[in-house]
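Trainee: below are the sequence and a predicted model; questions follow.
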Amino acid sequence: MRVAIICGLLAFLAQAALAANPIALSELAQPGRVLMLRHATAPGNGDPPNFRLDDCATQRNLDAAGRAQATTLGRRLAQAGIVRARIYSSQWCRCLETARLLELGPVEPLPALNSFYPQPERREATIARLRAFLAALPTQGPPVVLVTHQFTINAFTEAGTVSGGGSLFELNGTGSPRLLGAIQAN
């Protein structure tokens, strides 16, 4: 119990530190930038038992507020000068829908962005695949948006984010890009 409380407190403090360093969306337009975004609002927690990735009806999905949130973020990105980006998404329907609603280009499913909740034994392998993907991206390439889950972002940044929020990174040729700051949800 004490360990859970300490872990929760550390996650909260890490998120507070990130939130204290908000960054302008226009920073994503610089070469070699990656936005790791949590999917927009999807009520509930986790997915129902026996959900399937190939059937959105079996998953927790975006509600009207989540769809509006993703659309608004897409508009905010366009206003900041980002009208095209390479978009990758977890295979979960709520992430794919968030990515499409940004309207920044075609969305490519990327299993390295999938959630490992409630299977923590998959955490290390998932994050290793994500780090390998990031290391292979060109350091002077176009903007990249990764739409994923709270658990994936937390494992990667050691900080969480609210639905529709994210973290901005500068690629450096490694699986540990430099964290520039957080973007706030709308």
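Mentor: Perfect, I can see it now. Numbering: from 1, shown residues only.
Trainee: please pull out the lowest mean pLDDT helix or strand from this protein.
Mentor: When each helix and strand of the chain is scored by mean pLDDT, DSSP states H and E, helix 2-19 comes last, with a mean of 42.
Trainee: what's near enough to touch residue 29?
Mentor: Counting by CB atoms under 8 Å, 6 or more residues apart in numbering, residue 29 touches 80-82, 143. In this view, the C-beta of every residue, glycine as well, is placed from N, C-alpha and C.
Trainee: buried sites along stretch 71-88?
Mentor: Neighbour-count burial for stretch 71-88, counted by 16 or more other CB atoms under 10 Å, picks out 71-74, 77, 82, 85-88.
Trainee: now the terminal residues of that stretch, how far apart.
Mentor: Using CA to CA, to the nearest Å, the span of stretch 71-88 from its first residue to its last is 17 Å.
Trainee: so for the strand or helix carrying residue 68, what's the average pLDDT?
Mentor: In the assignment (DSSP states H and E), residue 68 maps to helix 64-79. Averaging pLDDT along helix 64-79 gives 96.
Trainee: which residue, other than its chain neighbours, is closest to the spatially most central residue of the chain?
Mentor: For the chain, the residue sitting closest to the mean C-alpha position, by CA atoms, centre = their mean, is residue 37 at 2.7 Å. In space, residue 37 comes closest to residue 166 once its chain neighbours are excluded; the distance is 3.7 Å by CB to CB, 6 or more residues apart in numbering.
Trainee: so residue 115 makes contact with residue 90?
Mentor: Yes - distance between residue 115 and residue 90: 6.5 Å, which falls inside the contact criterion (CB atoms under 8 Å).
Trainee: shared neighbours, those two?
Mentor: Residues touching both residue 115 and residue 90 by CB under 8 Å, 6+ apart: 148-149, 152.
Trainee: so which of those residues is the most crowded?
Mentor: The most crowded member of those, judged by other CB atoms under 10 Å, is residue 148 (28 neighbours).
Trainee: tell me the contacts of the residue lying closest to that one once chain neighbours are set aside?
Mentor: The shortest distance from residue 148 to any non-neighbouring residue, by CB to CB, 6+ apart, is to residue 113 (4.1 Å). By CB under 8 Å, 6+ apart, the contact list for residue 113 reads 88-91, 95, 130, 146-149, 152.
Trainee: same list (those residues) but as a markdown table, adding distance to residue 122.
Mentor: Conversion of the contacts of residue 113 to a markdown table gives the following (distance: CB to CB, whole Å):
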| residue | distance to residue 122 |
| --- | --- |
| 88 | 18 |
| 89 | 18 |
| 90 | 13 |
| 91 | 14 |
| 95 | 16 |
| 130 | 12 |
| 146 | 18 |
| 147 | 19 |
| 148 | 14 |
| 149 | 12 |
| 152 | 11 |
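Trainee: return the subset of the residues you listed lying in helices.
Mentor: In this view, the contacts of residue 113 that belong to helices under DSSP state H are 95, 130, 152.
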